[in-house]
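S.K.: next input, structure requested:
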Amino acid sequence: MEAGSHFGFILAAYVAAVAIVAALIAWVMVDYRVQRRRLADLEEQGATRRSASGRSGRSLQQAKEEA
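M.R.: Alright, predicted model coming up:
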């Protein structure tokens, strides 16, 4: 069996794998930016992170009670 006869298939498989990985990386980067933007919008509205409970400012629970 010659490897040369399968070269097209092997090349296509590598190209497809690289394209899929690149698409996944792009998707994660775009989603990261969207989530950061949503988080910034929520923080502008007064919502705080649960991990920031020790910090000063309104908590999410306080904001819900006031609404």
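S.K.: what is the burial count for A22?
M.R.: 10 (other CB atoms under 10 Å). Bear in mind the C-beta positions are built from the backbone N, C-alpha and C, glycine included.
S.K.: quick check: mean pLDDT of stretch 14-26?
M.R.: Stretch 14-26 comes out with an average pLDDT of 98.
S.K.: do the same with stretch 44-57
M.R.: Averaging pLDDT along stretch 44-57 gives 71.
S.K.: would you list every one of the helices in this structure?
M.R.: 7-44, 60-66 (DSSP state H).
S.K.: nearest to S51, of those?
M.R.: helix 60-66 (11.2 Å; CB to CB).
S.K.: list the contacts for G8?
M.R.: G8 sits next to no residue when contact means CB atoms under 8 Å, 6 or more residues apart in numbering.
S.K.: measure it to V18 for me?
M.R.: Here the criterion is CB to CB, to the nearest Å. By it, G8 lies 16 Å from V18.
S.K.: same deal with M29?
M.R.: For M29, the distance to V18 equals 16 Å [CB to CB].
S.K.: same question, A12
M.R.: Using CB to CB, we find A12 at a distance of 11 Å from V18.
S.K.: only C-alpha atoms, please: export stretch 21-34 in PDB.
M.R.: Presented in PDB, the C-alpha positions along stretch 21-34 are these (Å, rounded to 0.1, in the frame of the first residue of the first chain):
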ATOM      1  CA  VAL A  21     -10.100  24.100  15.700                       C
ATOM      2  CA  ALA A  22      -9.800  27.700  14.300                       C
ATOM      3  CA  ALA A  23     -13.600  28.000  14.300                       C
ATOM      4  CA  LEU A  24     -13.900  26.800  17.900                       C
ATOM      5  CA  ILE A  25     -11.200  29.300  19.000                       C
ATOM      6  CA  ALA A  26     -13.000  32.100  17.200                       C
ATOM      7  CA  TRP A  27     -16.300  31.100  18.700                       C
ATOM      8  CA  VAL A  28     -14.800  31.100  22.200                       C
ATOM      9  CA  MET A  29     -13.200  34.500  21.700                       C
ATOM     10  CA  VAL A  30     -16.400  36.100  20.500                       C
ATOM     11  CA  ASP A  31     -18.500  34.500  23.300                       C
ATOM     12  CA  TYR A  32     -16.000  35.700  25.800                       C
ATOM     13  CA  ARG A  33     -16.400  39.300  24.600                       C
ATOM     14  CA  VAL A  34     -20.200  39.000  24.600                       C
END
